[in-house]
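[1] fold the following, please.
(chains A, B, C and D)
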Amino acid sequence: MPLYHNDDQAMLADTAAGFMAEEGNIAKQLRHWRDRNCKDGFGHGLWKQMAEMGFTGMLVDEADGGLGMGHVEAGIVLEEIGRNLTPSPFLTSSVLAATALKHGSDDVKGRYLPDLIAGDSVFAVAIDETAKHRPSRIATRAEKSGNGFKLSGTKSFVVQGGSADMIVVAARTSGSDDDVDGITLFAVPKDAAGISHDAVRLVDSSMATHTKFDGVELDGDAVIGEIDGGRAVLDAMLLAGRVGAAAEGVGVARGAMDMTVDYLKQRKQFGRLIGEFQALQHRASHLYSEVEIARAVTIKAQQLLDAGSQQADLMASVAKAKVAKTARLAVQEGVQMHGGIGMTDEYDIGLYMKRDRALAEFLGDAYFHANRVAELSGY
Amino acid sequence: MPLYHNDDQAMLADTAAGFMAEEGNIAKQLRHWRDRNCKDGFGHGLWKQMAEMGFTGMLVDEADGGLGMGHVEAGIVLEEIGRNLTPSPFLTSSVLAATALKHGSDDVKGRYLPDLIAGDSVFAVAIDETAKHRPSRIATRAEKSGNGFKLSGTKSFVVQGGSADMIVVAARTSGSDDDVDGITLFAVPKDAAGISHDAVRLVDSSMATHTKFDGVELDGDAVIGEIDGGRAVLDAMLLAGRVGAAAEGVGVARGAMDMTVDYLKQRKQFGRLIGEFQALQHRASHLYSEVEIARAVTIKAQQLLDAGSQQADLMASVAKAKVAKTARLAVQEGVQMHGGIGMTDEYDIGLYMKRDRALAEFLGDAYFHANRVAELSGY
Amino acid sequence: MADLETFRSETRAWLEANCPPEMREPVRDDEDVYWGGRRATFKNDAQKAWFEACVAKGYTVPAWPKEYGGAGLSPAEAKVLREEMSRINARPPLSSFGIWMLGPALLQFGTEGQKQRFLNEIARGEIRWCQGYSEPGSGSDLVSLQTYGEDKGDHWVVNGQKIWTSYADQADWIFCLVRTDKNDKYKGITFMLYDMASEGVTTKPILLISGNSPFCETFFDNVKVPKSYGEDVPAYVGEVNRGWDVAKYLLGHEREMISGAGGGERSAAIGAMMKRHAAKLGDELDPVLRAELAMFDVDALAYTAMGEKFLDEIKVGKAHPAQPNMMKYVGTELNKRRHELMMAVGGSRSLEWESEDTGGGKPARGWLRTKANSIEGGTSEVMLNVISKRILDLPGA
Amino acid sequence: MADLETFRSETRAWLEANCPPEMREPVRDDEDVYWGGRRATFKNDAQKAWFEACVAKGYTVPAWPKEYGGAGLSPAEAKVLREEMSRINARPPLSSFGIWMLGPALLQFGTEGQKQRFLNEIARGEIRWCQGYSEPGSGSDLVSLQTYGEDKGDHWVVNGQKIWTSYADQADWIFCLVRTDKNDKYKGITFMLYDMASEGVTTKPILLISGNSPFCETFFDNVKVPKSYGEDVPAYVGEVNRGWDVAKYLLGHEREMISGAGGGERSAAIGAMMKRHAAKLGDELDPVLRAELAMFDVDALAYTAMGEKFLDEIKVGKAHPAQPNMMKYVGTELNKRRHELMMAVGGSRSLEWESEDTGGGKPARGWLRTKANSIEGGTSEVMLNVISKRILDLPGA
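    Below is the predicted model:
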C-alpha cells in the first residue's frame, strides 16, 4: 500500500480539515470552554456533531453500527483535532474504548457501542496507576465476589474520567502486580457505588481524574473479553491509542509549525522580516523535515496496524516517540520564534506547547517509547 | 582558588604555547612522523626537548627530581599538545605512569623516575582488556610464583605500547574479574620474556598495541604500591589520566574551532564571506560557548584534583564527558564548515577529527563518563 | 583577612539578632517577597521587622554608599554578607527593579541630586520602580522604539506604548526609554524618570501562558513629564538624547546579573533529585530518561564551573566584556532543558494545573515560566549575534 | 499484473542462468565493482560473463530504451528486476557516472545523434565518464565557476581547473561545466563533453582523510574542444550557454538518487546489531550509549518510513519538487550519526587504521567517508536554504 492517502482518504481529510477548522477551532472550542472553566473540558455540542459526521464510530465495525474504517482514517480526524487543539473524547472514547469493546462479547458490544457511536455515551480509560505510564505493572485488583467482582485500587491520568459515562478499567484478577497474565478489562459506570473521582485540570485545560475504586461491585457482564486474558485486549487498546496519539501529535506539530512559519513572514525586527534571518530559516527548515518524517512514520504505523502486521507494535512506538520529539521541537521553536508574545495567553502558540506536553505524556512519552523500541528490537 | 591561571601558570601557558607551536606543530611533528610511517608514532627528539624544559617530570615531586607541579600545570601543557596535535608520550608517561609511580616505594621511584624525568625511558599503561574502557573488570592475572609473580592475560589499547620502555600493568592478584579488591600494579619491561606486542596504527596515526602476557615472570620489586591493594593506585592513575585527557581534548577543540573560525573569515561563496551567513555565525557562537564551558570545568577538575578534594572524581568524569562532547562538536562543525576541502588530507581539520576520536575513547568516552556521573551521583 | 573574619562574626551575630525565624524560610509565593512602594503592605510582623532592621543597617542595598542608603560594604564584605544570609536561608528584605536596574544606572550616570533622592528612596523601599523598554514593534530591536516625547520647553509630552513593563500596575515610578529625536536612531532616545500616577498613564496586565501576570502593557496618552524635579535632579539619566548609552549599560548589567545567577539554583545537577522524585511518585526512571538526565547533569555541572570561572574573572577584569551574553545564552537554554526533564519525571502529576498536590500547578507553571528565559533580557538569537560579532569577530555580524 | 508475474518468473530464470555464483556475493572492495571504460579489466571470468550477459540483455541500463542499449523496461518491470536481483544479492554488472548522471541528462536534453552514440557507449561500458562541476572557488556556489572556453569558431579552447572530479584519473571522457559567456552568470555556462585524452588535460588525485583518493583535481591547459563530433552530435548537451539548466536538472536528479538511497542500508536501525557487535568484542553497551542508540533507531526507522513515502509519492507526482533536498539533508545527517555510534560501540578496536581484524581500518575509514555525505551533492546548508525558499517560501531565502 503506498504511503499516502488514497482518494477516499484524501476526501475524508478535506472534510475533516474543513469541519474541524470551522467548528473545532481554538476560539470556538478550546478557549471557549476553558474561559468558562468548563468542568468537562470539552463541548458536548461538538461531540454530537462529530457523531453525526460518523467520526465517533469510525473504528467500529459496520456490523456493529460503525463505519468500519481503519486507523489511517481515524488518524486523519486526529491530525485535524491536533491541529485545532480541539478538546474532545475522540481518542479515549472512539479509539481506545472502541478498540477494547471490539474484543467484547456481542452482548457487551450491543450494550455499549450504540450509545458510544451516537455520541450519547462518553468513555474514558483507566490504565496508569503512577504518574508515569507503566502498563506492565497493574495493581488494581478485581476479586471474585459471587457472580461478579469487587474492584479496588486507584488509577491516575484518567482523561475525561470526570465527564465520561463509562470507564474501561484494566484490573488484575489473578497473579501479582508485574505479571503479564491475570489482567481483566471491565466496563465500569462512572457513578458506580464505591467509586470516587478527584478531578484535576491539566496544563492543556483538559480534565482528568485520579479515580479510586473502593470495593466497587461489578456484574460478570462488565467484563470485556476474557477473564484473566485481558492483556491482549489491553495491548490492542494501547496500540490503537498510541498510534492515535501520534496522529494527534502530528497535528499539534503541524499546527505549531504553520503558525510559526506564518509569523516569520510577518514580524519585523531590525528592519527585516525575521523570516529573512538565515539562522531562523535553517531551524524552520529542519523543523519542517522532522514534521514530514514524523507524519510519514505515523501513517506507516497506521497502515501496519490496519493490515494486522506484527510490525505494528514496533512502529507504533517509533511513531509515538518520533512524534513526541518532533512536536516538542515544534512548540519550543514556536514559542521562541514568537518571542515575548509567544509567552502570552493571548497568542495560541502557547496553547500548542501545553497540549503537546499533556499529549506526549499520554500512553508513554518519547523516553518510554524509545526504550520500548530498544526492547522490542532485542537490546 | 579562583578558576583562572595565576601569574606563574599564565607564564607557563605562554611558554608551553610558544614551544609547542614552534616545535610541536602539525607539520613538524604529526605529519612529519606520519608521512615517514614512523612506528613509534612520535618524535624522540621533541620528547627530549620536553624533558629539558622540565615538562616530562612536572607532576613528579621535587624530592624525586621532578618539578612538583600540579594538574593545572600539566593541563596547560596538555592543552597545547592538543591544540597542536603533537604526538608524544606525555599523557601516558608523565601523567598516568608518573601518578602510579608516586604510589611506589622509594625503591621503585628511585629505579624508574630519573629516566622517566630525563625522557630516556618512556612508559605506557595497560588497563583495558576489551575494546571499551572497563576498569572495573580486570581479568589479567599475576599468580604468586616464588619471590615474584607470573603474569598472564591480554591488554588492549596500550597507547605507546610498542615504543615504550616500561609498561604499567594493572593485574589481578586475587579475587575474581569483577572484584574491586585484589588488584596489583606492576612495572613491566616492554621486552620481558613471554610478552608479545601486536602493534597497530590508529586513526590518528598514533601507535597502540594489543599486548599479550604469557606467563611473564616478574620480581617482587616490580610491584607498584601494595599487593592486592592496587585499586587505589589504579584509581589515582585513571583520575589523573582522565583529567589530563580532558585538558588535551580542550586543546583539540580549541584548535579545531580557531581554524574553523579563521576559515569562516576567508572563504567566499555566493559573493560573501561564509562567516557572514547567520546560520553559521550562530553555530560558531554556540560552539564557542561550549568550548569555554568545557575548558572551565576542566580547570575546575584540575584544581579539585590538586587540592585532593573528594569532588575531583565526579568532576573528572564531568570534564571528560563534557570535553568529549564539545571536541566532537568542534571537529564535526570544523569539517562541515570547511566543506569539501575539509575532507582532504591536505587540510589539517581532518586531523583534528581523527585525534578527537582516539582521545575521546581513551580512558572512557562521553557515554561511559555520563553514566559514571549518574552512578557517582546516586542514580 | 582578619578584618573580614571579624566582619563575618559581627554579621553573623547581627543576623542572629535581627532576622526573625519566619524570614529564614524559603520563599513560597509572591506574598513572601516584599517589593516596597507607596502601596506596599507587609505580610506579617516578621517581614516588617526584618525589612526595617535592614533599612536601618543599609542592608537592603549593602554595597551602595552609606549616603545613599547603603551600608558601603566592600565587594569582599558584601560577599561575606551574602554567604552568611544564605547560610541561614535569610530572605532578601526588599526586592525591586530600583535596586537591580535603576540604582546601578544612577550610580554610573546619575547626578548627585538624583542619587541623593532616588537611591535613598529605593534603599528605604519608598518608591517601587518599573522599567519601560520594549514596545510591541521593538523587542530584540529595541532601538527602533517609537514612544515619543515632544519637547515643550520645560517639559515633554509623552505618547506611546510600552510592553513587558514588569509589575507596572503596582509600580510608583517608571524609568522609561523615550524617543526625543526622530532623526537619529541611536542618539535620539532619552532615559526618562516619571511618576506612574501622572495623568495619561494607564496599564493593562498581560496574562501569560503560566497563568501569571507579572508584566503589563503601559500606555502614555499625552503624559506631561517635567524636565526637572528640582535642583540637580533632572528627570532623565545621563544626557537628553543619550539614553541609549544608559540602556546599553543596563542591558549589559542585566545579562551579567542573569548569567551570574547561573552559579545558583539554575546550574545544579538534577539526576539524583529526580530519582528521589520518581521514587516518591512510586516510580523509577526510564532508562532512556536516566541517560538524558546524565547528559544534562554533565552540562549543568560544567556550566556551574563556568559560572564560577566567569565570576572569578569578572572580579579581576579578566572576563571578555561580551562573556555575559554567552553565560546568559547557555544558562537560559540549560534552564529550559532542566524543566523539560523535571516535567518528564513528574509525568502526569506534573501536568496538573490547579491541584493541591502540586501547590496549584507549580511544576507546570514553573516550566512554562522558563520559556521566557531565552527571550527576556535579550533573546538567545541576539546573544548568539553578539558573540559572533564581539567575541568571534565574524564578518557582517 | 499477470504480465508482471510472468516477467518476474522469466527474470528469475534468466538470472538463475546468467548470474554466476561469484557475482551473488556482497561487494567487498573496489575491484569487485566494474566501471567499464577503455582501460577496464575484469577481475575474473565471472565478472566478465555477468557483465556481457547483461549488456546483451540491456540490463546494464534496464530502463533505457532498447535502441540506446537498454532493455526498455517499464518502471514496474524495472522494480521487479531490482527486487529479483536483490533477492539473490546480484552485484550491479556495471557502475558508472555515465549511467547515473550523463545518461539521464542526455535522455532529457540530448539530440538523437548524441543518444545513439553516447548512451550506447555507456550501456556497453565502452566509455567511462567523469563529472567536471566544482572548482576550488565554487563549491556550494557552483554558478560562480571560472573555467573558461574561448570561442574559436569551430572549437573552444578551454582553460581552468576542476576539483572533486570523481575518478578523473581513470575516466575516458568528461561532462564538464564551462563558462562560455563571462557577462551572464547563469546563462553563460555550457555543458560540454570531451575526451580526457585531449592534449592539455591533466589530473591529480586528492588524498582524502579516509586514506582513499576517489576524486581528482583536473587541469585544462588550452584544451581544444571541437563543437561537434559529427552530424547531430554536438559537443554540448542542450544549448550553448544554457548548460546551467542541464546541471540543475542533474543536481536535482542526484539529490533524488542520494535521498532515494535512504530506503536501503542507510536508514536501518542499528541498536540490535550494535548489541551483537559489542558482545563479539566481549563487551556490553553502556547504558547511556544504549539510550542514544534507541533514540537513533527511532529517527532511523522513522526516516525509513519517510523514504518509502517519498518514493511512493514521487511515482505519482505527489512529492514536492524540492522534497529530495529534505531527504538528502536528513538522510546524510543521519548516516553521519549512525557511523559515530558504530564507532563508539567498536571502541578502541574501531580506531585501528590498518589492522587485519578491521579489514584495513574499514570502520574508521567508513566513518570518515560519511563526513562527505553532507557536503557532496549540495551541502546540508544549501539543502536547508532550498527548503526555506522553495517549500517554506520564507522571505529572502
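
[2] so who does residue 12 touch?
    No chain specified, so I'll use chain A. A:Leu12 sits next to A:5, A:73, A:76-77 when contact means Cβ atoms under 8 Å, 6 or more residues apart in numbering or on different chains. C-beta coordinates here come from the backbone N, C-alpha and C atoms, glycine included.

[3] that was the other one, I meant chain C.
    C:Glu84.

[4] near chain B, which residues of the stretch 201-350 of chain C show up?
    C:269, C:271-272, C:274-275, C:285, C:290-291, C:293-295, C:297-299, C:301-303, C:305-306, C:308-310, C:312-313, C:315-316, C:318, C:323, C:326, C:329-330 (Cβ under 8 Å from any Cβ of the partner chain).

[5] make it 6 Å
    Contacts of the stretch 201-350 of chain C with chain B, taken as Cβ under 6 Å from any Cβ of the partner chain, map to C:271-272, C:275, C:294-295, C:297-298, C:301-303, C:305-306, C:308-309, C:312-313, C:318, C:326, C:330.

[6] and which of the contacts of A:Leu12 is nearest to chain D?
    Using Cβ to the nearest Cβ, A:His5 is the member of the contacts of A:Leu12 that lies nearest chain D, at 9.5 Å.

[7] of the contacts of A:Leu12, which belong to helices?
    With DSSP state H as the criterion, helices contain A:73, A:76-77 from among those.

[8] reformat the residues you listed as a markdown table; add neighbour count, pLDDT and distance to chain D.
    Listed next are the ones in helices among the contacts of A:Leu12 as a markdown table, based on neighbours: other Cβ atoms under 10 Å in any protein chain shown; pLDDT from 0 to 100; distance: Cβ to the nearest Cβ, whole Å:
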| residue | neighbour count | pLDDT | distance to chain D |
| --- | --- | --- | --- |
| A:Glu73 | 22 | 98 | 17 |
| A:Ile76 | 27 | 98 | 15 |
| A:Val77 | 33 | 98 | 20 |
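
[9] may I see those arranged in CSV, with distance to A:Ser196 as well?
    Formatted as CSV, the ones in helices among the contacts of A:Leu12 follow (distance: Cβ to Cβ, whole Å):
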residue, distance to A:Ser196
A:Glu73, 37
A:Ile76, 38
A:Val77, 33
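
[10] in chain C, which ranges drop under the pLDDT threshold?
    Applying pLDDT under 70 to chain C flags residues C:1-2, C:258-267.

[11] and chain D, is stretch C:299-317 touching that?
    No: Stretch C:299-317 is not in contact with chain D by Cβ under 6 Å from any Cβ; minimum separation 13.2 Å.

[12] who's in contact with that stretch?
    Stretch C:299-317 is contacted by residues B:2-4, B:293, B:296-297, B:300, B:318, B:322, C:262-263, C:267, C:269, C:319, C:327, C:330, C:334 when judged by Cβ atoms under 6 Å, 6 or more residues apart in numbering or on different chains.

[13] next one: the residue lying farthest from the centre of chain A relative to A:Phe277, how far apart?
    Most distant from the centre of chain A: A:Gly271, at 43.1 Å, with distances by Cα atoms, centre = their mean. Counting by Cβ to Cβ, to the nearest Å, the gap from A:Gly271 to A:Phe277 is 12 Å.

[14] count residues in the vicinity of C:Tyr303, would you?
    Residues lying near C:Tyr303 (other Cβ atoms under 10 Å in any protein chain shown) number 27.

[15] now it, what's its secondary structure?
    Here C:Tyr303 is helix, with the state taken from DSSP: H, G, I helix; E, B strand; the rest coil.

[16] state the distance from it to C:Met274.
    To C:Met274, C:Tyr303 is 17 Å away according to Cβ to Cβ.

[17] wait, doesn't A:Phe157 sit right on A:Glu129?
    No: A:Phe157 is not in contact with A:Glu129 according to Cβ atoms under 6 Å; the separation is 9.2 Å.

[18] among the two, which residue is more densely surrounded?
    Between A:Phe157 and A:Glu129, counting by other Cβ under 10 Å, A:Phe157 is the more crowded of the two (29 against 23).

[19] that one should be in a helix, yeah?
    No: counting by three-state DSSP, A:Phe157 falls outside a helix, being strand.

[20] quick check on the nearest residue to it once chain neighbours are set aside: phi, psi?
    Nearest residue to A:Phe157 in three dimensions, chain neighbours excluded: C:Ser348, at 3.7 Å (Cβ to Cβ, 6 or more residues apart in numbering or on different chains). Dihedral pair for C:Ser348: phi -70, psi -30, per degrees, to the nearest 10.
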